[in-house]
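K.L.:
sequence and predicted structure are below.
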Amino acid sequence: MAEAVVRELRASFTAGRTRPVEWRAAQLTALVRMIEEKEADISAALQADLAKPHMESYLHEISLAKASCKFSLKGMKSWTKPEKVPSAITTFPSTAQIVPEPLGVVLIISAWNYPFLLSIDPVIGAIAAGNAVVLKPSEIAPATSSLFAKLLPEYVDNSCIKVVEGGVDETTDLLEQKWDKIFYTGNGTIGRIVMAAAAKHLTPVALELGGKCPVIVDSDVDLHVAVKRIVVGKWGCNNGQACIAPDYIITTKSFAPELVDSLKRVIKRFYGEDPLQSADMSRIVNSKHFNRLTSLVEDKKVADKIVYGGQTDEKQLKIAPTLLLDVPLDTALMTGEIFGPYLPIVTVEKIEDSIDFINSKTKPLAAYLFTKNKKLQDNFVTNVPAGGMLVNDVALHLTNPHLPFGGVGESGMGSYHGKFSFDCFTHKKAVLIRGFGGEATARYPPYTQEKQKILRGLINGSFIALILALLGFPREKR
Amino acid sequence: MGHQDHSFSCAIHPSSLHIHSAFTLQSELELELERRARKLYEQGGQRTMAVAGLGETVCELRQAYESGKTRSLAWRQAQLRGLLRFLKEEEEAAFAALREDLGKHRAEAYRDEVGLLVKSANEALRQLGKWTTPERVWIPLVAFPATAQIVPEPLGVILVFSCWNVPLGLSLEPLIGAIAAGNAVAVKPSELSPCTAKFIGDNIGRYVDASAVKVVQGGAEVGEQLMEHRWDKVLFTGSPRIGRAVMAAASRHLTPVALELGGKCPCIFDMMGSARELQIAVNRIIGAKWSSCAGQACLAIDYVLVEERYLPILLKVLKSTLKRFFSDPDHMARIVNARHFERLSNLLKDKAVAPSILHGGSMDAKDLYIEPTILLNPPLDSAIMTEEIFGPLLPIITLKKIEDSVAFVRAMPKPLAIYAFTGDAALRRRIVEETSSGTVVFNDALVQYAIDALPFGGVGQSGFGQYHGKYSFEMFSHKKAVMKRGYLIELTLRYPPWNERKINLMRRLYRFDYVGFVLSFLGLRR
């Protein structure tokens, strides 16, 4: 089945359907229309899949998707133009340019936590770059998946953009085909499988994975504002089930009590006395993840560290915002990506120690720092490798289309958003046009001493060597 | 030169070796190969011990990187200057090694390897400040006050697999980029060019920081062992077969890779406007086929496409120019080893292909020399037309109309480069728009490699990832997005509890409808 899909798309691509900028613009315009006309349906699907509050659906998925479409529509004209670059004296006279061309037929495998955005955003980039696309939405968000399967054919060119639904079997089938690029959002285990499958066909990949995103909180901050931003960045992002949500906090031993107090107050203000009843909090996506999460705090030595929250409702698949303090570092909660509403706080002696702590773990997708101390900010930016960083806020950087969004190390490879999405699905073809005006016979055998001297000069960009070469030195005996 | 080729899953036992070749020096070749295989088998024990030291090497590199020493601009500049000194002081030794491994004339060695490295190192030194400076980017008003920038940071510890045909260049060019980007680096030169590998390994430590730049010698098992470790990026130059193995091994650690592979680079030859242009074009074709490692180059012209009515004149000029250029066979490199020599001679021995040999064809197994050979219309399903030739054999395929070349090239896997000699702007546009390749060059060949502003790399079967110039720096960097905010302005409607009013306000903001936002906020508009 996957083979037939790829064959059809390859035929469409080879026929050149996806190349004209007008076609690409038409698809993107249709997508904007789809998002506008079907906003209620999209929100409903997200509510069904994740009990996602309407505000989150709007703020984090729908509006970002629309903005991404519009940004690409605006930028496409200049992005698709060849870019002139300086030639070298070595090849004078010549003109050089970089011509962007689509890779061909690409596969996009999406995730379940932002099932609408993480599907549509890479698709936008692939279309803007002129490719044919297969989207495989996550089966763990089935309402959104079937929404895509229903809606996309109504709005876009079905001979070039297809949705393939399914689980492990269908995905395996897709991964066996030959693609020109595979874009995967998800976890590191499957990321490895995707890359290994791609290796068979020498297919380049982009992997948007996760990690434990740390938040360093210094004592010199405007605490109330900082805590509000942390709380909304954690539980206001799909209840912590987001690759860029804060995974854990690091602060000094002395500041921890004040921080914990402030966190408790803000959580109460945002979600009320009984957060399980709050309509502003997503639920855990399914019982498998619910059990995974609750088992993280089963161990007594972890459960003892809970300082706030911890309530669960298995029927509704809800877990309340939960704070833990100084959980032993060798527990599962502290070693793996949490991806849920637990927020452990790690304490250190001096705030600078947090840098080493973060670097002792694998590189995260995002790292956050709350401080007014410029020296600490510089130390953080220079010495903490991460996909992206934000100082004095959480998660916002992904909304800026001028910043590349992607991981490094265990958090992934490749980046997208804005023009980076276009580049992700583009081959930058170098094109050199030479004339016959300057013929440097020094290049050719038989290699005489004279020729070698001129060659040296030419390669090192010497004008004199160029002039000599252009004048036909050394003179060849005919 | 008794080493295995880059083949990851092969273990040679003398008795399992068999040759099926029907050429005159068969017995000698067979004996030689058996001798080498036996030697390898005996060396196997020693090799396992050598491989154990690899773990330490990788550890040292990681320690060097973690110490932070490779981050400073001063360190990077010192290494680049060290490389420049190395290339200058050891130039003669470099020429000798390349002559020994491949029979490269010193002019070719300078033009294609040493000279280009000097250019690249100088360029990196010149641009380092610019490349390492964070780039400020636009930020929406709604986030005010805030700053956003893209900060390049090194990936960490890099592994570079070089190739035998440009053994110095393909080892050091990536090294320049990796160092410029602030990484620690391990380079594994190809064991098939052992003199150059030894030359690099024995000498480079005197010119660069040997704790952070290491050379690892060895063949296939060393390559496999290296891939057991976690790297922050791997650059592989070589064949697609090994490229697949490298990428599969890298996937275990989620190590990003760049693959510089090959392909059959076609040369589309349209009629030239004058005799002078025709001569120049032929010079360039010969230069890109035989004058660069005897055609053993990923960017070499693999085959030529020409309209049948222009064939006679093309052939005439080709033959006369070949005679002139290679009057002294010393000016053409030789075939790297007996295995490749056998591979190439088999391409010609193919019964369906042999009749199409128009010029040349003579070979000397002892000297590993194959004369520049031209073939006319060998069958398209023969090995010489389906596999990358990587040698001094040039098939010419004739077409009714030169425009048919576009369809011909499209039917083949995407090559590293497409060359076209033509003055026809319409044909040029068709080639650029309707074909896909790493690079396209009009009216010349191979020279694109020397231009720093042009990214060098393949697409599809010819690989992925690009380098040269600032692309080398970017290949070994992570572009980290960094955004900073202040506490001055707080947008309380971000926070729960949420309601329709807040959502509507956000809608206006997101449309950058600031006026509408203010009015809404003040309750003066719904």
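P.N.:
Perfect, I can see it now.
K.L.:
show me where the stretch 151-300 of chain B has its helices.
P.N.:
B:169-180, B:194-203, B:220-228, B:240-251, B:275-289 (DSSP state H, counting those that start in this stretch).
K.L.:
also the stretch 1-150 of chain B?
P.N.:
Assigned by DSSP H, counting those that start in this stretch, the stretch 1-150 of chain B shows helices spanning B:26-52, B:54-66, B:73-89, B:91-102, B:106-109, B:115-132.
K.L.:
so how far is the shortest one from its chain's centroid?
P.N.:
This means helix B:106-109. 20 Å (C-alpha atoms, centre = their mean, to the nearest Å).
K.L.:
same question for the third one.
P.N.:
Using C-alpha atoms, centre = their mean, the mean C-alpha position of helix B:73-89 is found 23 Å from that of the whole chain.
K.L.:
can you tell me what sits against it?
P.N.:
B:69-70, B:94, B:114, B:117-118, B:121-122, B:124-125, B:128-129, B:132, B:172, B:175-176, B:179-180, B:182, B:203-204, B:206-209, B:213 (C-beta atoms under 8 Å, 6 or more residues apart in numbering or on different chains). Any C-beta I mention is one placed from the backbone N, CA and C, and that applies to glycine too.
K.L.:
shaky segments in the stretch 1-150 of chain A?
P.N.:
Residues of the stretch 1-150 of chain A meeting the criterion pLDDT under 70: none.
K.L.:
sorry, back to before: single out the most deeply packed of the helices of the stretch 151-300 of chain B.
P.N.:
The highest average neighbour count among the helices of the stretch 151-300 of chain B, using mean count of other C-beta atoms under 10 Å in any protein chain shown, belongs to helix B:169-180 at a mean of 28.
K.L.:
using PDB, list the CA coordinates for that one.
P.N.:
What follows is helix B:169-180, C-alpha atoms only, in PDB (Å, rounded to 0.1, in the frame of the first residue of the first chain):
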ATOM      1  CA  GLY B 169      42.500  16.800   0.700                       C
ATOM      2  CA  LEU B 170      39.600  14.700   1.900                       C
ATOM      3  CA  SER B 171      41.300  14.300   5.300                       C
ATOM      4  CA  LEU B 172      42.200  17.900   6.000                       C
ATOM      5  CA  GLU B 173      39.500  19.900   4.300                       C
ATOM      6  CA  PRO B 174      36.900  18.600   6.700                       C
ATOM      7  CA  LEU B 175      39.400  19.000   9.500                       C
ATOM      8  CA  ILE B 176      39.700  22.700   8.700                       C
ATOM      9  CA  GLY B 177      35.900  23.100   9.000                       C
ATOM     10  CA  ALA B 178      35.600  21.100  12.200                       C
ATOM     11  CA  ILE B 179      38.400  23.000  13.900                       C
ATOM     12  CA  ALA B 180      37.000  26.400  12.800                       C
END
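K.L.:
contacting residues around it?
P.N.:
Contact with helix B:169-180 is made by B:70, B:76, B:79-80, B:83, B:112-113, B:116-117, B:120-121, B:124, B:128, B:131, B:158, B:160, B:162-163, B:185, B:187, B:189, B:196, B:200, B:208, B:213, B:215, B:235, B:237, B:260, B:467-468, B:471-473, B:475-476, as judged by C-beta under 8 Å, 6+ apart.
K.L.:
and what of stretch A:151-163?
P.N.:
Residues contacting stretch A:151-163 (C-beta under 8 Å, 6+ apart): A:5, A:8-9, A:12-13, A:17-18, A:23, A:26-27, A:30-31, A:33-34, A:38, A:41, A:123, A:127, A:132-137, A:148-149.
K.L.:
what subset of these is buried?
P.N.:
Taking 16 or more other C-beta atoms under 10 Å in any protein chain shown as the criterion, what is buried in these is A:5, A:8-9, A:12-13, A:17-18, A:23, A:27, A:30-31, A:34, A:38, A:123, A:127, A:132-137, A:148.
K.L.:
now, the residues you listed that are in strands?
P.N.:
Taking DSSP state E as the definition of strands, those contribute A:132-136.
K.L.:
most widely separated two among those residues?
P.N.:
Pairwise distances across these (C-beta to C-beta) peak at 14.3 Å, for the pair A:Ala132 and A:Lys136.
K.L.:
what is the distance between the helix or strand harbouring B:Arg507 and the centre of its chain?
P.N.:
Here B:Arg507, judged by DSSP states H and E, is contained in helix B:500-510. On the basis of C-alpha atoms, centre = their mean, helix B:500-510 sits 51 Å off its chain's mean C-alpha point.
K.L.:
can I get it in CSV, CA atoms only?
P.N.:
The C-alpha coordinates for helix B:500-510 follow below in CSV (Å, rounded to 0.1, in the frame of the first residue of the first chain):
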residue,chain,number,x,y,z
GLU,B,500,-13.2,33.6,25.6
ARG,B,501,-12.2,37.2,26.2
LYS,B,502,-8.6,36.3,26.7
ILE,B,503,-8.7,34.1,23.6
ASN,B,504,-10.0,37.0,21.5
LEU,B,505,-7.4,39.3,22.8
MET,B,506,-4.7,36.8,21.9
ARG,B,507,-6.2,36.5,18.4
ARG,B,508,-5.7,40.2,17.9
LEU,B,509,-2.2,40.1,19.2
TYR,B,510,-1.2,37.2,17.0
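K.L.:
list the helices and strands that helix packs on?
P.N.:
Helix B:500-510 sits against helix A:54-56, helix A:63-79, helix B:514-521, with contacts defined as 3 or more C-beta pairs under 8 Å, 6 or more residues apart in numbering or on different chains; DSSP states H and E.
K.L.:
one more time with 6 Å
P.N.:
Secondary-structure packing of helix B:500-510 (3 or more C-beta pairs under 6 Å, 6 or more residues apart in numbering or on different chains; DSSP states H and E): helix B:514-521.
K.L.:
per-residue confidence averaged over the helix it packs on?
P.N.:
Averaged across helix B:514-521, pLDDT comes to 61.
K.L.:
could you measure from whichever residue of the stretch 1-150 of chain B sits closest to chain A over to B:Leu83?
P.N.:
Among all residues of the stretch 1-150 of chain B, B:Ala107 sits closest to chain A, at 3.4 Å; criterion: C-beta to the nearest C-beta. B:Ala107 sits 22 Å away from B:Leu83, going by C-beta to C-beta, to the nearest Å.
K.L.:
reformat the ones in strands among the buried ones among the contacts of stretch A:151-163 as TSV; add distance to A:Leu468.
P.N.:
As requested, those are exported to TSV (distance: C-beta to C-beta, whole Å):
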residue	distance to A:Leu468
A:Ala132	51
A:Val133	53
A:Val134	56
A:Leu135	58
A:Lys136	60
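K.L.:
now, among those, which is nearest to chain B?
P.N.:
Among those, A:Ala132 lies closest to chain B (C-beta to the nearest C-beta), at 13.9 Å.
K.L.:
does the closest one touch A:Ser12 like I think?
P.N.:
Yes: A:Ala132 lies in contact with A:Ser12 (C-beta atoms under 6 Å); the separation is 5.5 Å.
K.L.:
where does the stretch 1-150 of chain B dip in pLDDT?
P.N.:
B:1-52, B:141-143.
K.L.:
mind running it again at 50?
P.N.:
B:1-27, B:29, B:41, B:44-49 (pLDDT under 50).
K.L.:
which bits of it sit near chain A?
P.N.:
B:105, B:107, B:111, B:115, B:119, B:137-138, B:148 (C-beta under 6 Å from any C-beta of the partner chain).
K.L.:
and with 7 Å instead?
P.N.:
B:105, B:107, B:110-111, B:115-116, B:118-119, B:137-139, B:143, B:148, B:150 (C-beta under 7 Å from any C-beta of the partner chain).
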